[in-house]
Structure formats: C-alpha cells, structure tokens
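Student: quick one, structure for this:
(chains A, B, C and D)
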Protein chains: 2
Amino acid sequence: MKFKAQKESVNYLFTQVCKLRRNQSNLLLSASGLHAGQDVLLYYLDMHDGQTITALAEKMQVQYATISNMIDRMEAAGLLNKKKDEVDKRTSRVFLTGEGRQCVGKINDAWRILEAKTLEGFTSDEKIALTGLLSRILLNLKSQSV
Amino acid sequence: MKFKAQKESVNYLFTQVCKLRRNQSNLLLSASGLHAGQDVLLYYLDMHDGQTITALAEKMQVQYATISNMIDRMEAAGLLNKKKDEVDKRTSRVFLTGEGRQCVGKINDAWRILEAKTLEGFTSDEKIALTGLLSRILLNLKSQSV
DNA sequence: GTAACTTAATTAGGCGGCTAATTAAATTAT
DNA sequence: ATAATTTAATTAGCCGCCTAATTAAGTTAC
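Tutor: Got it, this is the predicted structure:
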C-alpha cells in the first residue's frame, strides 16, 4: 500500500519536529542576532578557542565549505576573527571576539529554554527512555547499511 | 553550570539526528533527481492534484515564498505544471506531470528505506514508545509557551 | 631540486527555508 | 461606483548546508 499511515510514521514525526526545532531555535537565537547553526560553532569555539576550519568542521559534522562561508559571515558580524597560522600557512585559526564570547551565555540560555520546552511534562524516566531511543537512532543512521 | 553534559542533551541528539536524516534523505532522493523537501510536495500533490500554493504551504507547514520558489524549480525540472485558475486569477493550481507522478513511487520506496534504517533493531513496543514521545514533543513545540 | 601528491581553504553554484516588501486580483464598505 | 482592505503569489535577499572545482601551501618521492 502506498504511503500507509504517513502521518503517524516516525518519518513524518521527525520531519515536523526537526522543522519546529529549527524555527524555535532561530527565534530564540535571533535575540542575539544569531542564526541556527552559528550557535554550535560558537559553542565549540568557547570550548577551545583558536581551532582550524578543519577541526571545527569535523566536530560539527559539517562540510569545510559550510564552515568556511559561515566564518566569513560571522567575522563580518564581529563575532569572531580568523588569523592565518604562522607555522602552517595553509591553515587559519578562529578566535572568539568579545562580542562572540558574550553570545555564548545567551546561547546557553536558549538551549536550556528549548530543551525545557521540548521535554515539557516529561518524567525523568521518559527523558531517559527518549535519550536512549534517540541515541540508538543516531547509531542506526550513522551506520553504513543501505 | 555552562553547557553541562551537552553531548547527552536531547538538544544535541535531535540536532544530530535531524542532520543525518536530511543527508540520508538527500542521498535516497538524489537517485530520482530530487532534493529533500521536494518529496513532501510531490506526496501532497499525489494525494490531491491541482492544489493552490496556499493550500500546499499550509499542509507542508512552510512559507508561501518557499513553495513558490520550489514550484518554479520543480516546474523547470519537469516534475509539475502551474496553471492560472480561471475563476480566481490570483491563484495558480499545481499539477503533477507524468514524470512527477513516476517519482511518487520512488519517494515511497525512499521513505520506507529511511524509516527502516531509522528503526533498525527496534521492537514494536519501542516503536510505539518512540511515536508517543515524538508526538508529545511535537505538541510541546507547537504550543505558544515561551 | 624538481615533480607528484596530499592537505587546508576558498569559490561558485544549487537547494530548502525564512522574512520583508511588492504586485495583482478579489472583496468589502461607504 | 469608488476607495479601502484582504488575499494569493512573487521577488529580493539572507542563512545553513551540500557538492564540485580550484587555489595555495606543505610533503614526499625520485
């Protein structure tokens, strides 16, 4: 049968949840002038300042080109600086500016709010169950099969 | 504490799952020359041919502008046709072409494969639990609070 | 030491998605 | 009937993300 019970499929639910999460995320971050995705980059820079594009791309599981463009935009926005490495002149290292560092706190708040909204009304057990199921899905999707 | 256990947060898990799902989806659909998102539009057209941009946007929960551009691209790709409504000349109605109709079957396959990969190793009970949790998250995210 | 290869980034171009502004047609009110 | 308002789409311009092609700088091999 074609498209049986599509509305109840996990596929459909994930698609909707992903879209809503992205919108909510954009809404929460827009107060700091950020776009969804940029928060993750700032988070990783806050963890370890002065990383290369390659290192950031690998941590964020995103293409180099994506980060490269993103960094240029965020540098223009005054959130970070890009400096050529003196030893290996192929690589650049990215550093948070004061403004970028200020955003980190707001990102933390935004993430907390989104997490709370997502899990509103969930018991501890349910949260644990959800985390377990999502972790397994993550592994499934990462696997090479098919 | 800042960013406590970020890697285990539901936030992080969803972000990863969403990204992987999008990539997998693109991979599966690329065989039919489609991009993730276009499948949903074709699905709704297959359900009911000749819908307006507004109707499609509302079903897909997406902005009019998004659909408008998407339809132009997909019309150029030969997947559908846009025809001005004779009664209300503000509206256009969108119809599947033969090629577009052929894609629908492949989309169905792609969705089945993605669903299977996502839920690999899940028992029926676990699937039910997951569906329940995701449905509640969907409601939470749709609600106006904060 | 020069040629071949690898690595790090960037550029170009495309797609879905969004917001804001605009155009065009239909409807309502006066 | 004309003016004001609402509705349907489109356009312009951004963003994250992707792929493919290119540039520039190190390495390695001969």
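Student: distance check, A:N81 against A:G33.
Tutor: 17 Å (CB to CB, to the nearest Å). C-beta here means a position set from N, CA and C on the backbone, and glycine is covered the same way.
Student: quick one: which of those two has more around it?
Tutor: Taking other CB atoms under 10 Å in any protein chain shown, A:N81 and A:G33 do not tie; A:N81 has more neighbours (16 against 13).
Student: okay, the more buried one: pLDDT?
Tutor: You'll see A:N81 listed with a pLDDT of 97.
Student: now swap in the one 5 residues further on and tell me
Tutor: The model reports A:E86 with a pLDDT of 92.
Student: next one: phi and psi at it?
Tutor: phi -70, psi -30 (degrees, to the nearest 10).
Student: remind me which helix or strand the nearest residue to A:Q61 once chain neighbours are set aside belongs to.
Tutor: Leaving aside its sequence neighbours, A:Q61 sits nearest to B:K19 (CB to CB, 6 or more residues apart in numbering or on different chains; 6.6 Å). Using DSSP states H and E, the element containing B:K19 is helix B:10-30.
Student: do you know how far A:A31 is from B:K59?
Tutor: In terms of CB to CB, A:A31 sits 30 Å off from B:K59.
Student: what about the residue nearest to A:Q61, how many residues nearby?
Tutor: Residues near B:K19, counting by other CB under 10 Å: 16.
Student: that one touches A:M60, doesn't it?
Tutor: No: B:K19 lies out of contact with A:M60 (CB atoms under 8 Å); the separation is 9.2 Å.
Student: identify the contacts common to the two.
Tutor: Residues touching both B:K19 and A:M60 by CB atoms under 8 Å, 6 or more residues apart in numbering or on different chains: none at all.
Student: in which helix or strand would I find the most centrally placed residue in chain A?
Tutor: Centroid-nearest residue in chain A: A:V40, 4.0 Å away (criterion: CA atoms, centre = their mean). Assigned by DSSP H and E, A:V40 falls within helix A:38-47.
Student: flag every residue of chain A that's near DNA strand D.
Tutor: Residues of chain A lying near DNA strand D by CB under 7 Å from any atom of the strand: A:35-38, A:40, A:60-63, A:65-66, A:69-70, A:73-74, A:77, A:88-90.
Student: buried ones among those residues?
Tutor: Burial by neighbour count, judged by 16 or more other CB atoms under 10 Å in any protein chain shown, picks out A:36-38, A:40, A:60, A:62, A:70, A:74, A:77 from the residues of chain A next to DNA strand D.
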